[in-house]
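Participant: Mind looking at a prediction? Sequence and model below.
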Amino acid sequence: MGTISSYLAADHRHCDDLFAAAEEDAAKGAWEAAANGFAGLLDAMGRHFAMEEEVLFPAFEQATGSSAGPTQVMRSEHQQMREVLGRMAAAVEGRDADGYSGLSETLLILMQQHNIKEEQILYPMSDRALGADREQLVQRMEAVPHGG
């Protein structure tokens, strides 16, 4: 079993791939494919947020004795991304290529900045703080259902 860092970083790449495919379909005006791809992105992002918010963050906070700091910042950023995703869903539904494009640029910047913080700071801290429980935590994250 790998580390928390490697498991969640791989999930970031999966979300990135779904994001890029939906963006490409929207840019081409392939709205049915874009809608399907965006639905997959919403599912993957929702599941990723749930893995962190329901499993990783509580375990990290318990191990470190702090609910402030990195997990609080990550939750806030998740909420920002959820808001942009909601607006993107409306753009897909309305077949608004310009709106979708602008919102996807915003989401891309948010995701890149967020993922760097998680991959370079929070995940390594989690691996250190939760090392003994790492395998169990990854299994619990894997068990988080889709549609989260």
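Facilitator: Received, thanks. Numbering: from 1, shown residues only.
Participant: L137 and L56 touch, don't they?
Facilitator: Yes. Between L137 and L56 there is a contact at 6.6 Å, judged by CB atoms under 8 Å. Bear in mind the C-beta positions are built from the backbone N, C-alpha and C, glycine included.
Participant: neighbour-wise, which of the two wins?
Facilitator: Counted by other CB atoms under 10 Å, L137 and L56 do not tie: L56 has more neighbours, with 24 against 21.
Participant: The more buried one: what's it in contact with?
Facilitator: With contact taken as CB atoms under 8 Å, 6 or more residues apart in numbering, L56 is in contact with 4, 8, 126, 137, 141.
Participant: farthest pair in these?
Facilitator: Farthest-apart pair in these is S126 and M141; separation 11.1 Å (CB to CB).
Participant: Comparing those two, which shows the higher neighbour count?
Facilitator: More crowded of S126 and M141, by other CB under 10 Å: S126, with 26 against 21.
Participant: What helices and strands are in contact with the helix or strand hosting the more buried one?
Facilitator: In the assignment (DSSP states H and E), S126 maps to helix 123-129. Applying 3 or more CB pairs under 8 Å, 6 or more residues apart in numbering; DSSP states H and E, one finds that helix 123-129 contacts helix 4-28, helix 57-64.
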